[in-house]
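Chemist: Give me a model of this one.
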Amino acid sequence: DLTDKKFQKEKKELISHLAKSVGEKKDYIDKHSIINKNYNDLMEKSKKVILIINENKKLKKINKELSERLEDIEFKNKTLLKVGMIKWFLAGAGVLFLGWIIGRIVSSKGSRQNRLLS
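Modeler: Down below sits the predicted model:
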């Protein structure tokens, strides 16, 4: 009878321990599921980070090329502006010189006519 009670007590303890172990197993399975989901999310996001890094490298290269083109265009623009200013200056000097020559010719003709009339 004493062994039967002892056996029943051990049986209850083992059933209690088994129930506790089953509960812990369920908790570990749930935690594993959450960790696995987080791991998969992290792996997916890391792929996106790699894509973003590669795109960033491409955009930096394009930006550098565009900056160089902009500098070249600005240099050409300044050169064209200087050439344009020189052309207008020379055109103005030419008009002034041509006007001076015409003025001299007209003035000398007028002087001759005045001498002839006097």
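Chemist: Now do the most centrally placed residue in the chain against residue 45, distance only.
Modeler: The chain has residue 59 as the residue nearest its centroid, 5.4 Å off, counting by CA atoms, centre = their mean. Separation of residue 59 from residue 45 (CB to CB, to the nearest Å) stands at 20 Å. From N, CA and C alone the C-beta is placed, and that goes for glycine too.
Chemist: Same check on residue 33?
Modeler: From residue 33 across to residue 45, the span is 19 Å (CB to CB).
Chemist: Same check on residue 107?
Modeler: 90 Å.
Chemist: just residue 10 next, same as before
Modeler: 51 Å.
Chemist: what's the answer for residue 100, then?
Modeler: 80 Å.
Chemist: Tell me where the model's unsure across the protein.
Modeler: Scanning the chain for pLDDT under 70 picks out 110-118.
Chemist: repeat that for 90
Modeler: 1-6, 44-48, 50, 106-118 (pLDDT under 90).
Chemist: How about the contacts made by residue 33?
Modeler: Counting by CB atoms under 8 Å, 6 or more residues apart in numbering, residue 33 touches no other residue.
Chemist: all helices in this protein, in order from the N-terminus.
Modeler: Ranges of helices within the chain are 2-117, based on DSSP state H.
Chemist: Tally up the residues packed near residue 73, please.
Modeler: Neighbour count of residue 73, defined by other CB atoms under 10 Å: 10.
Chemist: what's the answer for residue 11, then?
Modeler: The number of residues packed near residue 11 is 10, by other CB under 10 Å.
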